[in-house]
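Trainee: no FASTA, just this:
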């Protein structure tokens, strides 16, 4: 990520935030200082980084909430762009208010609530290209859940799922940030939904959002249950775990079944970023069933993104879609507050403790009108 120009504070009297106080000259942010899949080892919290100045067509967003993603570890390990060398900014998504916008971003006003999917969100202020900002009704963490997780579920199921009434859909990690949306969207397509999870509490949550058959893989044999209850297999698998769960998913596909891969979180913390699977058996298994496997990476579906967000925002506002947020209230050290707690939040995700989307709140020293 190229460095942004620094805010020239000699002009700060012209650049006031939405409360009328000057934008500070420095801020806190998290920076990847070492390529590693060990998140705590890879990132450093910098206390006095200069606040960047937005260019023409950019917004300076004062972050209020930032989202935690399993792929934060892939980013810190340099897996997405091997040519990028540390230091570089961390974090992908945030929601806050416009603190400053220059000419080409005139359609936005100071104080307006916006969400975004842009590198560098783990900071008190982030420069966001105006064309990538998404206006939202207010700065609520529920809207943040849609930015990456909601759109991933919506677009991937629409483009790759071929869902129709009566189809059997298996969602792995179903109570997570993206799984919760895959479950609800599949139910809205009148499918029969099976969801794997790691606790009875999560199973209860899945039932509450319409999942027909939650399976606690910690206490139940998923393979045996699927073979018993769905002897002809499942039509669609929405997979984000990888490893043994991926193999189980392939084995559980019905004739002409489809497996959508949105991630493989079980392998992210390994140095290579992968877990071995018996790849030599894959062609035969797929051929035997006329089945298929498709990968989905959100950045390849830019043309669908804005439409998906508008649709999801309407569903969220109307109450048609539950957007579950996990702010860490039940974590051992309590709520995830401040950039310092991003490390705890990532640990919490990889321990499989979250229900819904993990979100970190960034408080500000000035009194907030939000």
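Mentor: Noted; the coordinates are in hand. Only a predicted model underlies this, so the values are computations on that prediction, with no experimental measurement involved.

Trainee: Centre of the chain to the host helix or strand of residue 359, how far?
Mentor: Element membership of residue 359 [criterion: DSSP states H and E] is strand 357-361. In terms of Cα atoms, centre = their mean, to the nearest Å, the gap separating the centre of strand 357-361 from the centre of its chain is 10 Å.

Trainee: helices or strands up against that strand?
Mentor: Taking 3 or more Cβ pairs under 8 Å, 6 or more residues apart in numbering; DSSP states H and E as contact, the helices and strands that strand 357-361 lies on are strand 58-67, helix 141-145, strand 325-326, helix 342-350. To be clear about C-beta, it is placed using only N, CA and C from the backbone, and glycine gets the same treatment.

Trainee: Please state the mean pLDDT value computed over it.
Mentor: Averaged over strand 357-361, pLDDT sits at 98.

Trainee: Show residues contacting it.
Mentor: For strand 357-361, contacts defined as Cβ atoms under 8 Å, 6 or more residues apart in numbering pick out 64-68, 141, 144-145, 149, 176-177, 180, 323-328, 335-339, 341-342, 345, 348-349.

Trainee: Please pick the buried ones from those residues.
Mentor: 64-68, 141, 144-145, 149, 176-177, 180, 323-328, 336, 339, 341-342, 345, 348-349 (16 or more other Cβ atoms under 10 Å).

Trainee: where does the stretch 251-370 of the chain have low pLDDT?
Mentor: With pLDDT under 70 as the threshold, the stretch 251-370 of the chain has low-confidence stretches at 274-277, 365-370.

Trainee: Which stretches in the stretch 101-250 of the chain count as strands?
Mentor: 113-117, 125-129, 133-135, 168-171, 192-197, 213-216, 234-239 (DSSP state E, counting those that start in this stretch).

Trainee: now, of those strands, which is deepest in the fold?
Mentor: strand 168-171 (a mean of 28; mean count of other Cβ atoms under 10 Å).

Trainee: That strand pairs with which strands, and in what direction?
Mentor: strand 192-197 (parallel), strand 234-239 (parallel) (DSSP bridges).

Trainee: Make TSV out of the ones you listed and add distance to residue 282 and mean pLDDT.
Mentor: Below are these laid out as TSV (distance: least, Cβ to Cβ, whole Å; pLDDT from 0 to 100):
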stretch	distance to residue 282	mean pLDDT
strand 192-197	21	98
strand 234-239	14	98
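
Trainee: Let's have these in CSV, adding distance to residue 109.
Mentor: Converted to CSV, the strands paired with strand 168-171 look like this (distance: least, Cβ to Cβ, whole Å):
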stretch, distance to residue 109
strand 192-197, 41
strand 234-239, 39
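
Trainee: those helices in this structure, which residues are they?
Mentor: For the chain, the helices defined by DSSP state H cover 39-42, 72-76, 141-145, 151-156, 179-188, 200-208, 222-229, 244-251, 282-289, 302-318, 342-350.

Trainee: mind putting those helices in TSV, distance to residue 28 included?
Mentor: As requested, the helices of the chain are arranged in TSV below (distance: least, Cβ to Cβ, whole Å):
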stretch	distance to residue 28
helix 39-42	17
helix 72-76	17
helix 141-145	19
helix 151-156	28
helix 179-188	30
helix 200-208	33
helix 222-229	42
helix 244-251	37
helix 282-289	46
helix 302-318	28
helix 342-350	11
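
Trainee: between the ones you listed, which gets nearest to residue 296?
Mentor: Of all the helices of the chain, it is helix 151-156 that lies closest to residue 296, at 4.1 Å by Cβ to Cβ.

Trainee: which residues sit against that closest one?
Mentor: 178-179, 181-182, 185, 238, 260, 262, 296, 298, 301, 304-305, 308-309, 311-312.

Trainee: same thing but 6 Å
Mentor: By Cβ atoms under 6 Å, 6 or more residues apart in numbering, the surrounding residues in contact with helix 151-156 are 178, 181, 182, 185, 260, 262, 296, 298, 301, 304, 308, 312.

Trainee: Which member of those residues is positioned nearest residue 44?
Mentor: Nearest to residue 44 among those: residue 298, at 27.2 Å, using Cβ to Cβ.

Trainee: ok, the closest one - contacts?
Mentor: residue 152.

Trainee: Distance to residue 279 added to the helices and strands packed on strand 357-361, as CSV?
Mentor: Formatted as CSV, these follow (distance: least, Cβ to Cβ, whole Å):
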stretch, distance to residue 279
strand 58-67, 32
helix 141-145, 34
strand 325-326, 34
helix 342-350, 25
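
Trainee: Right, I'll leave it there.
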